[in-house]
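Enquirer: Coordinates only, no sequence provided:
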């Protein structure tokens, strides 16, 4: 009788653990599926035919990079008007101060 009660308790414990594991797998898989669907809905802009056609909107995510999880910084620091001889300057925001001081010291 004691052995039957013990086995019944073990069975119930394994049943509970398997239910918890199934719920955990479901939650993880639903998160993965949601991330995939969200990424699919974010269609990148078309590839420009030339530099003249390259336009990066001011509010574009392509101007940013994620330096720490959830913390974004500007990556495209400056740009000229679109054209065949357009200039794009990429870097970190602190680099602008360095560039300004370098130009001031060397060219003034």
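Expert: Arrived safely. Keep in mind that this is a model prediction, so the values were computed, not measured.
Enquirer: how about the helices of this structure, start to end?
Expert: Remark: helices assigned in the chain by DSSP state H are 2-41, 93-107.
Enquirer: Look up which residues are beta-bridged to the residue nearest the centre of the chain.
Expert: Residue closest to the average C-alpha location in the chain (Cα atoms, centre = their mean): residue 66, at 6.6 Å. Per DSSP bridges, the residues bridged to residue 66 are residue 72.
Enquirer: Pretty sure it sits against residue 72.
Expert: Yes: the pair residue 66 / residue 72 is scored as a contact, 5.4 Å apart, by Cβ atoms under 8 Å. All C-beta spots, glycine's among them, are computed from the backbone N, C-alpha and C.
Enquirer: what does the domain assignment say about this structure?
Expert: Per automatic domain parsing, the structural domains of the chain span 1-43, 46-108.
Enquirer: any idea which of these scores lowest on pLDDT?
Expert: With a mean of 67, domain 1-43 has the lowest mean pLDDT of those.
Enquirer: Could you give the number of residues near residue 96?
Expert: Neighbourhood size, residue 96 [other Cβ atoms under 10 Å]: 14.
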